[in-house]
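Novice: I need the structure of the sequence given here:
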Amino acid sequence: MIKTCRIWVLVLSCLILISCAGSQSPRVEKEAVVKPSPSSENLTYIQLDAAIEEDFIDAVERMENSDYASAIEKLKSVIDREKRLIAPYINIAIAYRKTGEVEEAEKNLVMALRMDPVHPVANNELGLMYRKEGKFDEARAAYELVRENHPEFTAAMINLGVLCDLYMHDFECALEQFERYLEINPDDKNVFVWVADVKRRVK
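Specialist: Okay, the predicted model is just below:
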């Protein structure tokens, strides 16, 4: 049975091990995962076998439950049977990063970026990996590529801001990203606190 598979990008918040002194809220990096949804405006339509689609959905649910090892096995199966989709490559890279298998994560991100060099989720994930490895310039370049090609993708805004603030001490860059984020998400009180803190340090 063949039916249309709709793949879209959903931004999920993920708390990384970052801590700040005092009463300020900790800086939080954001990661993204690619999931199926009928309500997205940015849809990629591919004629996909129903069993493959079901396995992809199952893998995403396992990732949401932090069952990364079994998600990897599901996604491997999806990729073996269907190589036209970018989403399984990105998600398996995320799962591999979560399990500490960095080389496998990078290999699958390379595959994803060959399919779409400016994909926002793939580049956001690449930035997270580079930042964790201490490759701050490379991480910044990945986030800035997202900013140039997908200016409304808020995960990369936050991550570039956190990178500039905590790791590169480029406070003007951090302030710009946090303020741009607040234009889209004006009710995020944590980021308001970050903006006030960065402005204080800039002065």
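
Novice: the helices in this protein, which residues?
Specialist: Taking DSSP state H as the test, the helices found in the chain are 50-64, 68-81, 87-98, 102-115, 120-132, 136-149, 154-162, 171-184, 189-202.

Novice: could those be laid out in TSV, adding mean pLDDT?
Specialist: As requested, the helices of the chain are arranged in TSV below (pLDDT from 0 to 100):
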stretch	mean pLDDT
helix 50-64	93
helix 68-81	96
helix 87-98	95
helix 102-115	95
helix 120-132	95
helix 136-149	97
helix 154-162	96
helix 171-184	97
helix 189-202	93
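
Novice: Which among those helices is found nearest to residue 29?
Specialist: Taking C-beta to C-beta as the criterion, residue 29 comes closest to helix 154-162 out of the helices of the chain, the separation being 5.2 Å. For the C-beta atoms, the positions are set from N, CA and C on the backbone; glycine is no exception.

Novice: From the rest of the structure, what touches that closest one?
Specialist: Outside helix 154-162, the residues that touch it by C-beta atoms under 8 Å, 6 or more residues apart in numbering are 11, 18, 27-32, 120-121, 123-124, 127-128, 131, 139-140, 143-144, 146-147, 150, 173-178, 180-181, 184-185, 191, 194.

Novice: can you redo the helices of the chain as CSV with mean neighbour count?
Specialist: What follows is these, written out as CSV (neighbours: other C-beta atoms under 10 Å):
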stretch, mean neighbour count
helix 50-64, 18
helix 68-81, 18
helix 87-98, 26
helix 102-115, 18
helix 120-132, 25
helix 136-149, 18
helix 154-162, 27
helix 171-184, 18
helix 189-202, 15
